[in-house]
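Novice: Here is the input, now give the coordinates:
(2 chains)
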Amino acid sequence: MKSTVLLAILGILLTASGCIKPEAENMEADILVMTLPDSVLISPPSITNTSVTAFVNFSKLNIKAVAPQFTITEGASIQPASGTPQDFSKPVTYTVTSQDGHWQKQYRVSLLQNLAPDNFMFENWTVNPDGNYYVPYELVEGEHQNIWASGNSGFSLIAPEKQPEAYPTQRSSDAKQGQYAAYLETKSTGALGALVGMPIAPGNLFLGSFDAAKALTAPLEATVFGVPFNKKPLRLTGWYKYISGGPVTDKTGKPITPEQQDVCDIYAVLFKASPEKPFLNGANILTDPTVVAIAQLASGAPTSGSGYQAFNLLFSYKLEINADDLAAFAYKIAIVFSSSKNGAVFEGAVGSKLYIDDVQIVTQ
Amino acid sequence: MKRLHLLLLLLAIAFETTAQNGKKISFNARAGFSVGAVTPVRMPESIRKIESYDPGLLPSLEVGLDYRFTEKLGVATALRFEQKGMTTDARVKAYYTTFNEAGSEGNQSVTGYFTGRVTTKIKNSYLTLPLHLTYHPDNDFSFKAGGFLSVLLDARFSGHARDGYIRHETPIGERENIDAASYDFAYNVRRFNAGVEIGADYHFSRHVFASANLNYALSPLMDPEFHSIAFGMHNIYLNLGIGYRFH
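Specialist: This is a model prediction of the structure:
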């Protein structure tokens, strides 16, 4: 009897403290979707935590007055307002304010014209504000194109280092031409990475975007490959230097048997994009039926001496190319560099270093 | 039933006699179990729904000492081994926390705002010294109120998150999907725990009694420098037991 009463008292006490409070207003401030007329878009916009990039057909719009529509986090607001015309001849900064009013995030929204670059000098680098790491960008007729991506944002989540120089993908002043080269180094992700079965992070750099949300759950799908391309590629040329980190370890961190020395990978893939499958990813980039042509380094073994070595890779065509579709940007190209060839499945050697500079897609 | 009452009355008279004979000090031993929760003072908005709650089996053992300075008033103290814990599964939205896969020894962690499911398992063992004022209105019941001081013997505070995503550091940080991430905050459980306690004993016989104590810790469960959970948590437990009094 007594205990029943006391249990009731406990229940009341717990209820007093334990009532579920009304749901708080949202604190997030995301751009979820950017909508433009289909005829204008060449490829679906790629949205990261702080940027939106879309390739558009400049001949079909007035770039000085484009009015994209945005879908944002429930209850949040966006400035300038969704659907108001803006001058996109330069990237436009949009500010999203959370429903509760306490959080603001700025997005750099770029509409890139259908002029895909075909040579890459890796001279221009910016520091990503989210993770304090380097990202290269391209300047095409004064247009700032964020078309390169890496796994750095995934690394920023699990590794405690915060300096740009601590990331797997960064720049180096040891360049073949100009001031900088791309520098990729396979890094250890420490205890946390090891526990989630991702003991290493290869340095990687590719044309496309990185979907950080998938970095831990579906890492192969986190690397989203491809930018629109309207010329027929013949060869991929450039300069590289590779130092192997030694024996490859597997995703549990143990050396694989028989012992293998780590090698790098350099390749380019031309594929035909469709509305259902606008991009390829780490799981299907070399094997998907939409792949039209591949140019790949035959052996990623270490380069001799301390200097750069040239590569000149022929695109091997699996499918015929359709000239009309090519002109209409139906094809996409991806160039991929990795300091550990199997780094995408977390096999590699910590300390493998790949330098890349002066890359060109030689077209017909 | 009437017979039982009569029996109790007779026992009470016998007991009363003993008490009046000046037996001021008595000892007792008590075994019981606790049920309760580690709970915020006010439920934070980030907790959207408690999907499940399991108090677990939390035994306690105690040896006590009573001293009567008048017929009806006294003080009591004891030495008690007890466990306080629970397992909960909650649905959270923008819940500020840290996932430290390597445990608290490791320096690798992801901190931020998690939205999804969080399972929390707590089981802390304490050696507790209660100090009560006691009131004995009759021979059936005695009531007590006072405080307690506990020393932590062993801490278990761990859990995992799933079916959700974390925003890195701030609600606008990089979003990362979370399938399974775990944390262990055992290292951050405070060495001492103190609070208030009230209770009542019901005397079945001269020797045997049942007791119920309700205690609430005024001191937070976690170290002051612990910030991986954004709200303070307090022990609140009901302890039920059977005791034996040595006269």
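
Novice: least trustworthy helix or strand in chain B by mean pLDDT?
Specialist: helix B:2-20 (a mean of 46; mean pLDDT, DSSP states H and E).

Novice: do chain A as well
Specialist: Least-confident helix or strand in chain A using mean pLDDT, DSSP H and E: helix A:2-18, a mean of 52.

Novice: From the rest of the structure, what touches the helix or strand just after it?
Specialist: Using DSSP states H and E, the helix or strand that follows helix A:2-18 in sequence is strand A:31-35. For strand A:31-35, contacts defined as CB atoms under 8 Å, 6 or more residues apart in numbering or on different chains pick out A:45, A:47, A:52, A:54, A:68-73, A:78, A:94, A:96, A:107, A:109. Bear in mind the C-beta positions are built from the backbone N, C-alpha and C, glycine included.

Novice: Could you look up the next helix or strand downstream of strand A:31-35?
Specialist: strand A:46-47.

Novice: got the contact list for that next one?
Specialist: By CB under 8 Å, 6+ apart, the surrounding residues in contact with strand A:46-47 are A:31-34, A:52-54, A:208-209, A:224.

Novice: Could I have the buried ones of those residues as PyMOL selection syntax?
Specialist: Of the contacts of strand A:46-47, the buried ones go into a single PyMOL selection, burial set by 16 or more other CB atoms under 10 Å in any protein chain shown:
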select buried, chain A and resi 31+34+52+53+54+208+209+224
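
Novice: out of the contacts of strand A:46-47, who's nearest residue A:319?
Specialist: residue A:208 (20.6 Å; CB to CB).

Novice: Look up which residues are beta-bridged to the closest one.
Specialist: Listed by DSSP bridges, the beta-bridge partners for residue A:208 are residue A:225.

Novice: list the contacts for it?
Specialist: A:46, A:147, A:149, A:223-227, A:279, A:334 are the contacts of residue A:208 under CB under 8 Å, 6+ apart.

Novice: Quick check, pLDDT for residue A:114.
Specialist: As predicted, residue A:114 sits at a pLDDT of 63.

Novice: Grab the nearest non-local neighbour of the residue nearest to the spatial centre of chain B.
Specialist: Central residue of chain B (CA atoms, centre = their mean): residue B:237, 3.8 Å from the mean position. Residue nearest to residue B:237 in three dimensions, not counting chain neighbours: residue B:36, with 3.3 Å by CB to CB, 6 or more residues apart in numbering or on different chains.

Novice: Now do the spatially most distant residue from the centre of chain B against chain A, distance only.
Specialist: The C-alpha centroid of chain B is most remote from residue B:174, which lies 38.3 Å away (CA atoms, centre = their mean). Computed with CB to the nearest CB, to the nearest Å, the distance linking residue B:174 and chain A is 5 Å.

Novice: Setting aside sequence neighbours, what's the nearest residue to that residue?
Specialist: residue B:168 (4.4 Å).

Novice: Write down the beta-bridge partners of that neighbour, one by one.
Specialist: residue B:112.

Novice: How many residues are close by it?
Specialist: When neighbours are counted by other CB atoms under 10 Å in any protein chain shown, residue B:168 registers 21.

Novice: quick one, what contacts the nearest residue to residue A:65 once chain neighbours are set aside?
Specialist: In space, and not counting its chain neighbours, residue A:65 is closest to residue A:85: 4.0 Å by CB to CB, 6+ apart. By CB under 8 Å, 6+ apart, the contact set of residue A:85 is A:65-67.

Novice: can you do 10 Å?
Specialist: A:62, A:64-68 (CB atoms under 10 Å, 6 or more residues apart in numbering or on different chains).

Novice: Would you mind listing which of the residues you listed are buried?
Specialist: A:66, A:68.

Novice: now the contacts of residue A:85 in JSON lines, with secondary structure and pLDDT?
Specialist: Output for these, formatted as JSON lines (DSSP: H, G, I helix; E, B strand; the rest coil; pLDDT from 0 to 100):
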{"residue": "A:62", "secondary structure": "coil", "pLDDT": "89"}
{"residue": "A:64", "secondary structure": "coil", "pLDDT": "90"}
{"residue": "A:65", "secondary structure": "coil", "pLDDT": "92"}
{"residue": "A:66", "secondary structure": "strand", "pLDDT": "93"}
{"residue": "A:67", "secondary structure": "coil", "pLDDT": "94"}
{"residue": "A:68", "secondary structure": "coil", "pLDDT": "95"}
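
Novice: I'd say the residue nearest to residue B:174 and residue A:162 touch.
Specialist: No. At 11.9 Å, residue B:168 does not count as touching residue A:162 under the criterion of CB atoms under 10 Å.
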